[in-house]
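**Student:** I'd like to go over a predicted model; first the sequence, then the structure.
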Amino acid sequence: MARIYNFSAGPAVLPEEVLKEAAAEMLDYKGTGMSVMEMSHRSKAFEGIIQDAEKDLRELLNIPDNYKVLFLQGGASQQFAMIPMNLMKNKVADYIVTGQWAKKAFQEAKKYGDAKAIASSEDKTFSYIPDCSDLEIRENADYVYICENNTIYGTKFKTLPNTKGKTLVADLSSCILSEPVDVTKYGLIFAGVQKNIGPAGVVIAIIREDLITEDTLPGTPTMLQYKIHADNDSLYNTPPAYGIYICGKVFKHLLNLGGLEKMKEINERKAAILYDFLDSSEMFKGTVIKEDRSLMNVPFVTGNDELDAKFVKEAKAAGFENLKGHRSVGGMRASIYNAMPMEGVEKLVDFMKNFEAENK
Ligand SMILES: *Cc1c(COP(=O)(O)O)cnc(C)c1O
């Protein structure tokens with residue numbers, strides 16, 4: 001058996017320990033004689049799984065008691081509609097557009113009310129985060145929306161926007177659990193888990209209780225009401241049970257590693273290996289301005305499309321998978337989520353050095 005280094009932006013690499021544990025429990029989960037996949041979501045065993053998962057996530061992120069944790073479905077993209085349907089009381093929302101995902105969320109919100117882009121970095125292919133210290137936030141805005149880490153472009157908000165007292169809603173799909181977060185600064189955090197936590201099919205929403213109301217837009221489907229899921233502890237209908245089980249294992253794994261302060265330290269060291277090389281290389285260049293660089297997604301280019309393609313091909317042959325950049329940026333992108341070992345990045349940089357020497 002040979003595992004490659006998987007630099008995919010998502011679904012992405014998972015901790016090997018977690019996969020091994022899941023494999024060992026595949027046929028018989030803790031003496032139940034069945035797999036978690038085969039189990040009733042109303043069973044004692046699954047109740048234990050989902051309750052432990054929530055408890056461990058609360059511990060990792062230090063989530064206050066006045067926030068609910070919901071395990072939902074529909075991908076992060078379904079939240080693009082669910083958010084306006086549930087939170088647009090005045091039908092007014094302000095969006096900060098820093099990439100494709102923020103733009104999609106913005107366009108979706110326009111279907112439900114008066115959504116406005118109050119800042120954007122589209123003028124420079126989303127290669128920076130706009131100054132958000134003094135934005136023109138509308139007086140009656142129901143919320144201000146950001147995508148905190150821009151998976152495609154490799155930028156990250158290092159300071160949160162000044163929302164002038166308005167509720168902050170944030171898509172943390174590609175940075176959740178990479179470092180500590182002050183949950184109290186947000187009204188709603190959501191994340192598709194397939195980037196930095198678990199298998200595709202689970203979306204986590206962390207939502208302040210006062211935002212969970214029956215007062216949704218007319219016609220909002222039952223399944224798209226936060227209140228329904230909150231009142232039923234994420235068990236209104238059959239949840240993505242196996243996915244939640246794997247997420248729970250990842251939460252325990254991160255707690256065992258020392259929690260999010262420790263992850264931040266590791267992620268900073270890991271990203272620095274790649275960024276330091278990009279800053280010193282004659283051939284490879286990062287595409288993002290330094291202050292706004294993501295710790296998770298690192299896009300880079302050689303400036304020559306043919307050379308980029310050659311690099312991706314040779315890297316793949318050497319066991320470094322999924323390095324091709326998103327079509328809107330071109331070049332390469334290395335996603336180095338929590339589960340990418342330090343050694344994977346060190347070896348990638350060695351490979352890049354050799355490639356540069358051989359292709360001068
Ligand atoms: C991947 C991604 C999405 C889309 O996730 P789906 O689960 O495929 O809908 C949304 N936002 C961000 C930041 C992402 O990285």
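**Tutor:** Here it is on my side, so go on. Residues are numbered from 1 along each chain as shown.
**Student:** tell me the domain boundaries of the protein?
**Tutor:** Per the record, the chain has its domains at 16-256, 259-358, by automatic domain parsing.
**Student:** In a markdown table, list those along with mean neighbour count, distance to the ligand and mean pLDDT.
**Tutor:** Where C-beta positions appear, they are placed from N, C-alpha and C, glycine not excepted. Output for the domains of the chain, formatted as a markdown table (neighbours: other Cβ atoms under 10 Å; distance: least, Cβ to the nearest ligand atom, whole Å; pLDDT from 0 to 100):
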| stretch | mean neighbour count | distance to the ligand | mean pLDDT |
| --- | --- | --- | --- |
| domain 16-256 | 19 | 3 | 98 |
| domain 259-358 | 18 | 8 | 97 |
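**Student:** Compare those and give me the one nearest Asn6.
**Tutor:** Of all these, the one in closest proximity to Asn6, counting by Cβ to Cβ, is domain 259-358 (5.1 Å).
**Student:** can you put the domains of the chain in TSV and add distance to Ala2?
**Tutor:** Listed next are the domains of the chain as TSV, based on distance: least, Cβ to Cβ, whole Å:
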stretch	distance to Ala2
domain 16-256	12
domain 259-358	8
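**Student:** Nearest to Ser8 among the ones you listed would be which one?
**Tutor:** Nearest of those to Ser8, taken as Cβ to Cβ: domain 259-358 at 3.8 Å.
**Student:** Could you give the separation between the terminal residues of that closest one?
**Tutor:** Using Cα to Cα, to the nearest Å, one end of domain 259-358 lies 41 Å from the other.
**Student:** Also stretch 183-193?
**Tutor:** Stretch 183-193 has an end-to-end distance of 18 Å (Cα to Cα).
**Student:** For that stretch, which outside residues touch it?
**Tutor:** 10, 61-64, 67, 75-77, 79, 83, 87, 143, 160, 167-173, 176, 181, 197, 199-208, 211, 243, 247 (Cβ atoms under 8 Å, 6 or more residues apart in numbering).
**Student:** which stretches of the stretch 101-250 of the chain form helices?
**Tutor:** 226-231, 241-257 (DSSP state H, counting those that start in this stretch).
**Student:** Can you tell me which helices and strands the last one packs against?
**Tutor:** Here helix 241-257 is seen to pack against helix 16-24, helix 44-61, helix 259-280 when contacts are counted using 3 or more Cβ pairs under 8 Å, 6 or more residues apart in numbering; DSSP states H and E.
**Student:** Adding distance to Phe355, write those helices out as TSV.
**Tutor:** Formatted as TSV, those follow (distance: least, Cβ to Cβ, whole Å):
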stretch	distance to Phe355
helix 16-24	27
helix 44-61	38
helix 259-280	12
